[in-house]
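**Student:** Mind looking at a prediction? Sequence and model below.
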Amino acid sequence: MKTTHKLAPLPEIPGKRYFAIGEVSDLCGVKAHVLRYWEQEFPQLKPAKRRGNRRYYQQGDVEMIRRIRSLLYEQGYTIGAARLRLKDAARNDSAAEPVDPATVASEANIGRQQQLKDIRLELQSLLDRWPY
């Protein structure tokens, strides 16, 4: 059974051009270290970095973080499934209607299984050519 959590409502995003990581943390209800981690996991998150490696997020980044937060915390997606969901949504260029996370996860597993089969075949071909 899929469980979803009801999180506290988020404040409105101010009409600023750039936001510091602390501001984004407050606006999205996510700690700063989680935002830095998500930057590594989601290629859509690329905040501008200025002197001292300080991150500056734009309006679109804040909205994307809120989407990621919703997928992970409210809809119960895994990081991998959320990444696929966002990738598909960008490809379809739509508002992305709700999809069962189990379906997305199974599609990800099928892709991984195919990768493993390809790796096995390549390893077998290397073994076949190896002189004994």
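**Tutor:** Yep, that arrived.

**Student:** What does the pLDDT read for Pro101?
**Tutor:** As predicted, Pro101 sits at a pLDDT of 66.

**Student:** got it, and Ser106?
**Tutor:** For Ser106, the model assigns a pLDDT of 70.

**Student:** The one helix or strand Arg112 maps to: how far from the chain's middle?
**Tutor:** For Arg112, the element it lies in under DSSP states H and E is helix 101-129. For helix 101-129, the separation from the chain centroid amounts to 22 Å (computed by C-alpha atoms, centre = their mean, to the nearest Å).

**Student:** elements contacting that helix?
**Tutor:** The contact analysis (3 or more C-beta pairs under 8 Å, 6 or more residues apart in numbering; DSSP states H and E) places helix 101-129 against helix 79-92. C-beta: built from backbone N, CA, C; applies to glycine.

**Student:** OK, contacts around Phe42?
**Tutor:** Shown in contact with Phe42 (C-beta atoms under 8 Å, 6 or more residues apart in numbering): Met64, Ile68, Ala82, Arg83, Leu86.

**Student:** so how far is Lys87 from it?
**Tutor:** Using C-beta to C-beta, to the nearest Å, one gets 9 Å for the distance from Phe42 to Lys87.
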